[in-house]
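Pasted the sequence and its predicted model underneath.
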Amino acid sequence: MATNRKWLKALFLGMMAIGSFASAMDPKEIEELMRTMNQTRIELTLPDEDYKGDSKKPAHGPQGN
C-alpha cells in the first residue's frame, strides 16, 4: 500500500511540474506586466453633489438667506 502512495505522489508531482511549464508566458507579456505593476498610480476622487467637505466655512456661500 505504501508503494502505491509513493507512485501516486510521484505521478502528481510530475503532473504539477508539466502543468507549470505548459503555461509559459511570452517575454513581452511578462515585461508589460512588470511595467504595469511598477507604475505609480494617482487616484482622483470627485466629491458628490451633497459633499460639504471638512471645512467649517459654508461650501456655496452664506446659508440662511
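Alright, I've got the coordinates.

Please, where are all the helices along the protein?
Secondary structure of the chain (DSSP state H): helices located at 2-22, 27-38.

any idea how far the residue most central in space within the chain is from Glu31?
For the chain, Met37 is the residue whose C-alpha lies nearest the centre (CA atoms, centre = their mean; 8.9 Å). Distance of Met37 to Glu31, given as CB to CB, to the nearest Å: 11 Å. (Glycine included, C-beta is placed from N, CA and C.)

With Thr3 instead?
Applying CB to CB to Thr3 and Glu31 gives a distance of 46 Å.

So which of these two has more stuff around it?
Glu31 (11 against 7; other CB atoms under 10 Å).

which of the helices of the chain has the lowest average pLDDT?
Lowest mean pLDDT within the helices of the chain: helix 2-22, at a mean of 81.

Now do Gln63, the pLDDT please.
Value for Gln63, per-residue pLDDT: 55.

Please disregard the earlier target; I meant Met1.
On pLDDT, Met1 comes in at 57.

List the buried residues in stretch 21-31.
Buried residues in stretch 21-31, counted by 16 or more other CB atoms under 10 Å: none are found.
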